[in-house]
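Chemist: I would like the atomic coordinates for the input below:
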Amino acid sequence: QTGMDADTFEQFMDQLERYVRERLIPAEREVIEQDRLPDDILQEMKDMGLFGLTIPEEYGGAGLNVSQYARTVQALSYA
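Modeler: From the prediction side, this is the model:
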């Protein structure tokens with residue numbers, strides 16, 4: 001699998017890293033206290049396509065290749 005276009009992927013990563021910094025890290029205490037993701041964050045992550053990262057684009061996913069997927073998971077793991 002060739003993965004997402006390199007420029008598009010870099011834009012996606014910039015957006016994802018900003019989202020992790022500005023939204024997910026500040027929500028960590030709430031997530032820990034409630035032992036669940038708040039519904040609004042879960043919906044935001046769905047809207048960003050974070051639950052279909054490796055699904056081919058023709059089936060509605062992002063079509064990431066293995067190395068792109070690994071970078072995405074690494075960025076998310078900061079929160």
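Chemist: how near is residue 42 to residue 52?
Modeler: Taking Cβ to Cβ, to the nearest Å as the measure, residue 42 falls 14 Å from residue 52. C-beta here means a position set from N, CA and C on the backbone, and glycine is covered the same way.
Chemist: tell me the SS of residue 72?
Modeler: What DSSP: H, G, I helix; E, B strand; the rest coil gives for residue 72 is helix.
Chemist: what strand or helix carries the residue nearest to it when sequence neighbours are not counted?
Modeler: Among residues not flanking residue 72 along the chain, residue 53 sits closest, at 5.9 Å (Cβ to Cβ, 6 or more residues apart in numbering). For residue 53, there is no enclosing helix or strand under DSSP states H and E.
Chemist: how close does residue 53 get to residue 77?
Modeler: 14 Å.
Chemist: neighbour count for the two, which is higher?
Modeler: Taking other Cβ atoms under 10 Å, residue 53 and residue 77 do not tie; residue 53 has more neighbours (18 against 8).
Chemist: that one and residue 71 touch, don't they?
Modeler: No: assessed by Cβ atoms under 8 Å, residue 53 is found out of contact with residue 71, at 10.5 Å.
Chemist: how about the one helix or strand residue 19 maps to: buried residues?
Modeler: Per DSSP H and E: residue 19 is located in helix 6-19. By neighbour count on 16 or more other Cβ atoms under 10 Å, the buried set for helix 6-19 is 9, 12-13, 16, 19.
Chemist: could you do stretch 59-66 as well?
Modeler: 62-64.
Chemist: what sits up against it?
Modeler: 1-4, 9, 12, 49, 52-57, 72 (Cβ atoms under 8 Å, 6 or more residues apart in numbering).
Chemist: likewise stretch 69-78?
Modeler: Contacts of stretch 69-78 (Cβ under 8 Å, 6+ apart): 12-13, 16-17, 20-21, 24-25, 50, 53-54, 64.
Chemist: flag the shaky bits of the protein, pLDDT-wise.
Modeler: Residue ranges of the chain with pLDDT under 70: 1.
Chemist: pick out the residue nearest the middle of it.
Modeler: Of all residues in the chain, the one closest to the mean position by Cα atoms, centre = their mean is residue 50, 4.2 Å from it.
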